[in-house]
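> Build the 3D model from these lines:
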Amino acid sequence: MALPDDVSADDLDPQSRDELKTLPAALADSVARWLVAAGQETDPAKAYEYASQARRLAARVGVVREVCGLAAYRAGLWTEALAELRAARRLTGRSTSLPVMADCERALGRLDRALAVIGDPDVKSLDRATQIELLIVESGIRRDQGRPAAGAVALQVPELTDGRIRPWSARLFYAYADALLEDGREDDARLWFGRAAAADSAGETDAADRCEDLDGVVIEDVTETDAAETDAAETGEPETDEVGADEAGAAAGTAETDEAETIVAQTDKAKTHAATGTAETDEAETSVAQTGEAGTGAAEASTPQMQ
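Numbering: from 1, shown residues only. This is a model prediction of the structure:
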């Protein structure tokens with residue numbers, strides 16, 4: 001099996017590289033390249049093959065067994081993953097893979113063993129992110145047992161509602177929403193899927209799709225919207241729509257009506273002045289003219305003014 005040409009041993013993280021120092025330099029470089037290839041490969045089955053090649057060369061190195069176990073897990077090889085991760089724990093003394101080991105036991109249907117892993121004494125010494133991953137697995141186990149309410153309770157930790165967003169918050173919110181949905185609390189589930197989508201900047205979950213499935217909510221791509229607005233600004237062409245066109249037409253019609261009414265008012269005023277002149281030469285016609293003025297004044301009062 002050949003390695004991709006662009007894979008370099010220098011791409012291996014420093015901590016893993018240090019663990020290979022027990023090997024001869026040439027062998028360490030070869031193992032490092034297989035590990036890098038396993039980490040970069042997007043096909044889980046091929047990634048496991050690369051990791052297995054590293055294992056054949058250095059089966060007594062803890063990080064090699066750990067990478068091989070994680071690759072087996074991603075490929076859905078639960079039994080192989082458990083065997084490799086147990087070996088890695090014996091070799092390194094690290095317990096960071098406990099969440100994956102518990103999930104493998106769960107996938108194999110051995111729920112009691114999975115709960116035993118979650119209750120391991122070393123859990124207390126793990127960082128908070130790893131502990132949260134264990135709680136997510138525990139929530140899944142409770143749901144597998146037909147106890148979705150207990151699955152939701154398992155995730156009710158302070159970090160769920162303290163308002164802070166952490167790298168693992170999206171996964172916590174998503175798992176909580178899943179448990180709520182299975183427990184029949186659809187409205188609460190919709191709320192937490194929405195929070196998971198908002199926190200999932202890396203696209204690690206399908207929370208946005210779950211929201212859409214529940215109530216048709218579409219998470220708008222803000223980047224595309226901004227790009228469209230920028231294009232409109234650069235071309236200098238204002239955005240128009242049918243509603244805007246209708247409003248413009250209505251405004252034009254109103255202006256034309258106001259103009260016509262103003263012309264009528266001006267004509268009435270001209271007639272009033274003419275009636276007033278006639279009243280000065282003929283006293284008998286004054287009363288009639290005054291009556292006309294009163295009528296004209298009322299007409300002027302009811303005529304709309306130009307805006």
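> which stretches of this structure aren't confidently modelled?
216-307 (pLDDT under 70).
> Could I get the buried residue list for the host helix or strand of residue 32?
In this assignment (DSSP states H and E), residue 32 forms part of helix 25-40. Using 16 or more other C-beta atoms under 10 Å as the test for burial, helix 25-40 gives 28, 29, 30, 31, 32, 33, 34, 35, 36, 37, 38, 39. Bear in mind the C-beta positions are built from the backbone N, C-alpha and C, glycine included.
> Leaving out chain neighbours, which residue sits closest to the third one?
Think residue 30. Spatially, and ignoring its direct neighbours in sequence, residue 30 is nearest to residue 57 (6.3 Å; C-beta to C-beta, 6 or more residues apart in numbering).
> swap in the first one?
If you skip the residues right next to it in sequence, residue 28 has residue 20 as its closest partner in space, 4.2 Å away by C-beta to C-beta, 6+ apart.
> Residue 139 now?
That would be residue 151: by C-beta to C-beta, 6+ apart, it lies 4.1 Å from residue 139.
> returning to that earlier point: name all residues that make contact with the residue nearest to residue 30.
Counting by C-beta atoms under 8 Å, 6 or more residues apart in numbering, residue 57 touches 27, 30, 31, 34, 64.
> wait, what's in contact with the fourth one?
The one in question is residue 34. 3, 50, 51, 53, 54, 57.
> Next one: it from residue 205, what distance?
Here residue 34 is placed at a distance of 30 Å from residue 205 (C-beta to C-beta, to the nearest Å).
> now do the second one
Distance, residue 30 to residue 205, using C-beta to C-beta: 37 Å.
> what's the answer for the first one, then?
Relative to residue 205, residue 27 is positioned 40 Å away (criterion: C-beta to C-beta).
> now do residue 161
To residue 205, residue 161 is 19 Å away according to C-beta to C-beta.
> do the same with residue 164
From residue 164 over to residue 205 (counting by C-beta to C-beta), the distance is 18 Å.
> now swap in residue 86 and tell me
29 Å.
> next one: residue 25
For residue 25, the distance to residue 205 equals 42 Å [C-beta to C-beta].
> With residue 114 instead?
22 Å.
> neighbour-wise, which of these two wins?
It is residue 114, of residue 114 and residue 205, that has more neighbours when counted by other C-beta atoms under 10 Å, with 23 against 20.
> what about the closest residue to that one other than its chain neighbours, neighbour count?
Once flanking residues are discounted, residue 114 sits nearest to residue 105: 3.8 Å by C-beta to C-beta, 6+ apart. Using other C-beta under 10 Å, residue 105 is surrounded by 21 other residues.
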